[in-house]
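Undergrad: From the sequence below, what's the structure:
(2 chains)
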Number of protein chains: 2
Amino acid sequence: MNGKKGSYEINIPSTTKAKQPESRKKSGGGGGGGGFSFKGWMWSVWEFGKEDSNRVKFSLKVGLAVLLVSLLILFRAPYDVFGTNIIWSILTVAIMFEYTVGATFNRGFNRALGSVLAGIFAIAIAQLALSAGRVAEPFIIGVSIFLIGAITSFMKLWPSLVQYEYGFRVILFTYCLIIVSGYRMGNPFRTAMDRLYSIALGGIVAVLVNVLVFPIWAGEQLHKELVKSFDSVADSLEECVRKYLEDDGSDHPEFSKTVMDEFPDEPAYRTCRKTLNSSAKLESLANSAKWEPPHGKFRHFFYPWSEYVKVGAVLRYCAYEVMALHGVLHSEIQAPYNLRLTFQSEIKEATSQAAELVRCLGKDVSSMKQSIKTSLLKKVHSSTERLQYAIDLHSYLLTCHSDPPDTSSKPLSKLLSHAMMRKQMRRLHSWPSREVDAFEEDGGLCMDTLPRMRALESTAALSLATFTSLLIEFVARLDHLVEAVDQLAVMAKFNHESL
Amino acid sequence: MNGKKGSYEINIPSTTKAKQPESRKKSGGGGGGGGFSFKGWMWSVWEFGKEDSNRVKFSLKVGLAVLLVSLLILFRAPYDVFGTNIIWSILTVAIMFEYTVGATFNRGFNRALGSVLAGIFAIAIAQLALSAGRVAEPFIIGVSIFLIGAITSFMKLWPSLVQYEYGFRVILFTYCLIIVSGYRMGNPFRTAMDRLYSIALGGIVAVLVNVLVFPIWAGEQLHKELVKSFDSVADSLEECVRKYLEDDGSDHPEFSKTVMDEFPDEPAYRTCRKTLNSSAKLESLANSAKWEPPHGKFRHFFYPWSEYVKVGAVLRYCAYEVMALHGVLHSEIQAPYNLRLTFQSEIKEATSQAAELVRCLGKDVSSMKQSIKTSLLKKVHSSTERLQYAIDLHSYLLTCHSDPPDTSSKPLSKLLSHAMMRKQMRRLHSWPSREVDAFEEDGGLCMDTLPRMRALESTAALSLATFTSLLIEFVARLDHLVEAVDQLAVMAKFNHESL
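TA: Numbers count the residues shown, from 1 in each chain, chains lettered A, B, ... in the order given. Okay, here's the model as predicted:
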């Protein structure tokens, strides 16, 4: 935007960018920039609509709603009844029509309650002002406007009222409009009523079109969003572990370039990172869903939408561990490749079991079935046990300079080839990046070189311990995920799976 | 909300709750619920306003702005000129007036551009419809309304246009209003112009009041927010490490109860978790700040507000490590207390150096000074080196069953008192929570009991290795934080510190 020259480009996980559909990156990208082609642009618009057909449905519905309400004015009859106040129904449709049914209801509620409250205030104050006499009237009206403005603005900052922000705005401007035009045009009661009727008309049109024509339910969106999160956590766990074990010692891209980056070869990681930022989205969907009547698969009243948010939060705590695993994968101190290979089968086993459990939980939520997870949990725990056991058996490998106890495995020094060892050394020495200068400036090396190298070597080996510990911690958190899903299943009355 | 009976209460870090001020929890809490006291409620309102005086200023400013614009109507002159269209200026003020100057400008821009575009479309289509004859006119108008509704709704879903959502709404309703009332009342051009003038009038009042009376700058808010994040990361790092070292083996609260909890005795952790969710807030503040003219400390044009977002993102990546450290602190597998004590001084040293560096960076940003961090970085790195070295020297402690090499330290078995050991065993055995049944159901113990216990014990000791690895990773990420702050300092032309 401003003066970006010479800056290194960090790809910030912005919400806007995050929502950007894949399709747009593939085709030339629409809007501005060199090499703009109309065909490419049309193609990306087409892809954008195809990706989620609800987008097209929503657009056509808005068009239909404004057309319907405009017809009221284009035809003569309603216009004759309401006069110019009928334009308020257009305004109402344009402002009230939201993407999901629940959000529309919520906004409609804000609008209706706000308008009614404002109308009551306005009529009360107008009566008071009228009875106070011709001189005092403008003063009373002026002071009341100031007070309503200040009080509604202060209230909408109050944390538990933030969600009704729009309602307070409605109170403010409806109050001003009624009382001011009442003062100028006389008969505030008549003005207020006409306006309320036409707002109600607009609201009814908006709600009917939104509910009856291809309804987009917030509850369903929330349901899908949560199921997607389960899959993305499982995917990115597997991807991260696979990359950790696959890595044959070839240099990673430099940390400074990748720490904030999109990691183009790790699509699941990017999806998972979105999960971390999804709390606001889940919450607003749940807020909207509460306004919706029973529909589709969600057949009973008071469906526990807030439980979805809770499950999402527990899942996010699991995702934090995946982020930490990813941090180890891309950190600059790395366990030697051969060492990782030693525990390969146990790590793989534990990972795939854990990922399967997460996917299975996601599938249960998706199909609204309640199934017993005991055997899966057992498998996950026993494979994690095996990993712990393996780490223990070979723990001398993690510390390098003690002799192996009575087992048949080879010591680390033999596991590492000469070339590998040298590469590892070089990599170790490149960390911390400013360390070498720092120490040399300090007046020579303050410790012997050999112990220092051994220290780094041992830290490198311990990075494997960190990786497995984090994996084990991930598994520990799965217990709570299972619990949260069980809780959801009970409260949402999921069906018991018939075996 | 709905059917919460019997559910275990998880405290979800919701944005609404997060914003809830401390004061409100202390005093009885306002609004509903048993034991409501008016005095307590007034007190919490007072505290809420005192906590951030901008809240009160904002409220009074809104009151003033609506009062000013209403005066235009209460006095006769402007009313005579504009007629009933003058009410649009009230609507504009109520809708345009935002908390910060930048957000008001942004909304005003949306409103202005939207109105102008809608006006142009409307006049063009109206002329076309008029020339098409009396019969075709309503059809052309109807189709155009449908198309405008559908197209603007589709466009506002497009990721890069999401931030102009309000502008598209304005286009939609302004277009409908002008074309419909023009059709009914004749002379769409005159209607459109009158309305545009009164919208402009409202916009000017809103902007003037917002800028001239106690302006609340988004830039300043962003600046403060970022500085606060630095402090909160440093605080929570220190808090987490202090708790890790302080813990004398007394039982932690159970994981299931605390994983999602507010951790009442860890205030810094809660603040840090807010930092993790602050990306959206920083971004919207930066978006608003771009609209603001140079002001206060930010004296040059094109101030690099987007760099603030980048620094915030790098800081968030450091905070992920703190979250992982916190995960180790509260995980169920814990390193024995005595083992932690062995590395106490090194861990403390590295932590306090790292925290000081973070705080120092925060202070630099706060005072807009550019200082050389080399000596601090050196200190951080050398203390981290010492920690690594210590871990290496004592690494046999982390694996338990190999004999110590030629050093003077005592082996783990001697470090652990008998009681401690038993407690540790019990704790180890409580994890994983369903493991014991699982194994017994599997048909007896499949491994010897002793090796299994040893495996758990070693994993427990390795948890210390995990903790230190994460700490070292945190320090490694600090390099990038220093870089990002340097980048900001250069682009924002911070003063070089005069020594």
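Undergrad: can you tell if stretch A:63-76 touches chain B?
TA: Yes: legend: contact between stretch A:63-76 and chain B by Cβ under 8 Å from any Cβ of the partner chain is shown at A:63-67, A:70-71, A:73-74. C-beta here means a position set from N, CA and C on the backbone, and glycine is covered the same way.
Undergrad: would TSV of the residues you listed with pLDDT, distance to residue B:80 and secondary structure be doable?
TA: Output for the residues of stretch A:63-76 next to chain B, formatted as TSV (pLDDT from 0 to 100; distance: Cβ to Cβ, whole Å; DSSP: H, G, I helix; E, B strand; the rest coil):
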residue	pLDDT	distance to residue B:80	secondary structure
A:63	92	39	helix
A:64	93	40	helix
A:65	92	37	helix
A:66	89	33	helix
A:67	90	36	helix
A:70	83	31	helix
A:71	83	34	helix
A:73	72	27	helix
A:74	73	31	helix
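Undergrad: quick one: low-confidence ranges for the stretch 251-400 of chain A?
TA: A:251-264, A:332-333, A:395-400 (pLDDT under 70).
Undergrad: got a winner among the residues of stretch A:63-76 next to chain B for most neighbours?
TA: Highest neighbour count within the residues of stretch A:63-76 next to chain B, by other Cβ atoms under 10 Å in any protein chain shown: residue A:66, with 31 neighbours.
Undergrad: Let me see the confidence value for the residue lying closest to it once chain neighbours are set aside.
TA: Distance criterion Cβ to Cβ, 6 or more residues apart in numbering or on different chains; nearest residue to residue A:66, sequence neighbours excluded, is residue B:149 at 4.1 Å. Residue B:149 carries a pLDDT value of 92.
Undergrad: For residue B:149, give its distance to residue A:97.
TA: The spacing between residue B:149 and residue A:97, counted by Cβ to Cβ, to the nearest Å, is 9 Å.
Undergrad: Also residue A:473?
TA: Separation of residue A:473 from residue A:97 (Cβ to Cβ) stands at 46 Å.
Undergrad: Just the helices from the stretch 251-400 of chain A, written as ranges.
TA: A:255-258, A:267-276, A:279-289, A:305-329, A:337-342, A:344-367, A:374-393 (DSSP state H, counting those that start in this stretch).
Undergrad: In the fifth one, which residues are buried?
TA: Taking 16 or more other Cβ atoms under 10 Å in any protein chain shown as the basis for neighbour counts, the residues of helix A:337-342 that come out buried are A:337-340, A:342.
Undergrad: Is it in proximity to chain B?
TA: No: taking Cβ under 8 Å from any Cβ as the criterion, helix A:337-342 and chain B are apart, separated by no less than 14.0 Å.
Undergrad: can you check the fourth one too?
TA: Yes: against chain B, helix A:305-329 shows contacts by Cβ under 8 Å from any Cβ at A:305-307, A:309-310, A:313-314, A:317, A:320-321, A:323-324, A:327-328.
Undergrad: Give me the buried positions along stretch A:130-147.
TA: A:137, A:140-142, A:144-146.
Undergrad: Show me the contact partners of it.
TA: Residues from elsewhere that reach stretch A:130-147, judged by Cβ atoms under 8 Å, 6 or more residues apart in numbering or on different chains: A:121, A:125-126, A:128-129, A:175-176, A:179-180, A:183, B:63-64, B:66-67, B:70-71, B:74.
Undergrad: before we move on, the earlier item: so the residue nearest to residue A:66 is in which element?
TA: Under the criterion of DSSP states H and E, residue B:149 resides in helix B:136-155.
Undergrad: Which other helices and strands does the helix or strand following that helix contact?
TA: Going down the chain from helix B:136-155, the next helix or strand is helix B:165-185, by DSSP H and E. For helix B:165-185, the elements it packs on are helix A:53-74, helix A:87-96, helix B:101-131, helix B:136-155, helix B:188-212, judged by 3 or more Cβ pairs under 8 Å, 6 or more residues apart in numbering or on different chains; DSSP states H and E.
Undergrad: Which one, of those, ends up nearest to residue B:355?
TA: Residue B:355 lies closest to helix B:101-131 among those, at 32.6 Å (Cβ to Cβ).
Undergrad: the inter-axis angle of the closest one versus helix B:165-185?
TA: If you take axes from the mean of the first three to the mean of the last three Cα atoms, to 10 degrees, helix B:101-131 sits at 30 degrees to helix B:165-185.
Undergrad: rewinding a little: tell me the residues that contact both of residue B:149 and residue A:97, please.
TA: Counting by Cβ under 8 Å, 6+ apart, the residues touching both residue B:149 and residue A:97 are A:62, A:65.
Undergrad: So what's the residue count around the closest residue to residue A:485 other than its chain neighbours?
TA: Spatial nearest neighbour of residue A:485, excluding adjacent residues (Cβ to Cβ, 6+ apart): residue A:361 at 5.0 Å. By the criterion of other Cβ under 10 Å, residue A:361 has 27 neighbours.
Undergrad: show me what contacts residue A:357?
TA: With contact set as Cβ under 8 Å, 6+ apart, residue A:357 has these partners: A:373, A:376-377, A:380, A:478, A:482.
Undergrad: related to what we said a few turns ago, if you rank the residues of helix A:305-329 next to chain B by neighbours, which is first?
TA: Most surrounded of the residues of helix A:305-329 next to chain B: other Cβ under 10 Å gives residue A:324, at 28 neighbours.
Undergrad: any idea how far that residue is from residue A:68?
TA: Computed as Cβ to Cβ, the residue A:324 to residue A:68 distance reads 53 Å.
Undergrad: domains of chain A?
TA: What the TED database lists as the domains of chain A is A:52-212, A:218-400+A:451-496.
Undergrad: closest to residue B:113 out of those domains?
TA: Among these, domain A:52-212 comes nearest to residue B:113, with 16.4 Å by Cβ to Cβ.
Undergrad: got the residues of the stretch 151-300 of chain A near chain B?
TA: Residues of the stretch 151-300 of chain A lying close to chain B by Cβ under 8 Å from any Cβ are A:151-154, A:157-160, A:162-163, A:169, A:172-173, A:176-177, A:180-181, A:183-185, A:255-256, A:259-260, A:276-277, A:279-280, A:283, A:290.
Undergrad: again, 6 Å this time
TA: Within reach of chain B by Cβ under 6 Å from any Cβ of the partner chain, the stretch 151-300 of chain A has these residues: A:153-154, A:157, A:159, A:162, A:169, A:172-173, A:176-177, A:180-181, A:256, A:259-260, A:280, A:283.
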